[in-house]
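# here is my input, please return the structure:
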Amino acid sequence: MAVLNGIINENEFYSHHYLDTILQNDLKDIVKRWNELAEETGDKSPPKAIASLKVDYFKTRSQISQEKDIKERLLLQRQWFSKFFSVLGYEFEPTEKVLDDDEIIPVVAEVNKSNGQPLLWIIEAIADTEEAADVLSLGLNEAQFNLDHSTTDTNQSLRSPVSASPHLPNPELLNIDFEDLISDYIFAQDDPPRWIILAGIHQVVLLDRFNSITALLVLLAHDSSPQTLLLFACLSCSREKVQADQKKVHVVQI
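Residues are numbered from 1 along each chain as shown. Predicted structure coming up:
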């Protein structure tokens, strides 16, 4: 069985046989495209780009742990995630989505199908304290709806949209955890996204509405080998992987 420092294949998200004998061949096309693009543009490939974010990641975690204001904590987290998700192929653009029952959900990135229906939403999770927490046990914070110009950060692209008639969050949604929010509200829509990425500074979870049993954990805080970083970029929650291989649940523990 393949042993990869920093990756935990929980409940056999991928079978041991697949990891040992099939995976590398399946990833050849993706790796080839990434390497060719890196040669053409001079940019880093996703595995190398992810590795280069580790210094910023630990710096951001330290800054968040020392910051008491929830809006500033959220902006610090967004600054790092805008880089992280850009590496994985997403456009980080905070906005709001209106559900079938007119509830408002803040999202920071999305991918749509060719017919315009949602395929994936990325939702951020921010804790009130610096303690690491399971993101599914957290819930929406009012700051995610009202991250306006009162803060000191000048990067307006990381702020929540401010409409002429802003919607106030439903207090009920602020009092339930993400596990219930996603299953009872988002996935219960007539046309829900297939995937939800729930992103907190300690943990990122990729949820598939058709299967939420297994998990793949990647520990970025570990000293990961080049092979581990390659597998993380390909197997976790890259946009290319989500669109090509829509199944199960990934948990990325940073």
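# for the helix ranked longest in the chain, name the packing helices and strands.
In the chain, with assignment by DSSP state H, the single longest helix is helix 70-87. Counting contacts by 3 or more Cβ pairs under 8 Å, 6 or more residues apart in numbering; DSSP states H and E, helix 70-87 packs against helix 46-52, helix 54-66, strand 118-124. In short, each C-beta sits where N, CA and C put it, glycine included.
# what's the angle from the second one to helix 70-87?
For helix 54-66 and helix 70-87, the angle between their directions (axes from the mean of the first three to the mean of the last three Cα atoms, to 10 degrees) works out to 160 degrees.
# in helix 54-66, what counts as buried?
Judged by neighbour count using 16 or more other Cβ atoms under 10 Å, the buried positions of helix 54-66 are Tyr57, Thr60, Arg61, Ile64.
# what helices and strands are in contact with it?
Using 3+ Cβ pairs under 8 Å, 6+ apart, helix 54-66 sits against helix 70-87.
# for the helix it packs on, buried residues please.
70-85, 87.
# now do stretch 127-143
Of the residues in stretch 127-143, those buried (16+ other Cβ under 10 Å) are Ala127, Glu130, Ala133, Asp134, Val135, Leu136, Leu138, Gly139, Leu140, Asn141, Ala143.
# got those residues as JSON lines, with distance to Pro192 columns?
As requested, these are exported to JSON lines (distance: Cβ to Cβ, whole Å):
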{"residue": "Ala127", "distance to Pro192": "26"}
{"residue": "Glu130", "distance to Pro192": "32"}
{"residue": "Ala133", "distance to Pro192": "25"}
{"residue": "Asp134", "distance to Pro192": "22"}
{"residue": "Val135", "distance to Pro192": "19"}
{"residue": "Leu136", "distance to Pro192": "17"}
{"residue": "Leu138", "distance to Pro192": "20"}
{"residue": "Gly139", "distance to Pro192": "19"}
{"residue": "Leu140", "distance to Pro192": "17"}
{"residue": "Asn141", "distance to Pro192": "22"}
{"residue": "Ala143", "distance to Pro192": "25"}
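# from the residues you listed, which is closest to Asp191?
Leu140 (21.3 Å; Cβ to Cβ).
# pretty sure the closest one is touching Glu172, no?
No: if you go by Cβ atoms under 8 Å, Leu140 and Glu172 don't touch, sitting 10.4 Å apart.
# for the nearest residue to Asp191 once chain neighbours are set aside, give me the pLDDT.
Nearest residue to Asp191, sequence neighbours excluded (Cβ to Cβ, 6 or more residues apart in numbering): Gln117, at 5.2 Å. Gln117 carries a pLDDT value of 90.
# let me see the backbone angles for Gln117.
Per-residue torsions, Gln117: phi -70, psi 150 (degrees, to the nearest 10).
# show me what contacts Lys76?
For the record, residue 76 is Leu, not Lys. Going by Cβ atoms under 8 Å, 6 or more residues apart in numbering, Leu76 touches Thr60, Gln63, Ile64, Glu67.
# need those in TSV (columns: pLDDT and distance to Ile104).
Converted to TSV, the contacts of Leu76 look like this (pLDDT from 0 to 100; distance: Cβ to Cβ, whole Å):
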residue	pLDDT	distance to Ile104
Thr60	92	27
Gln63	94	29
Ile64	92	25
Glu67	92	26
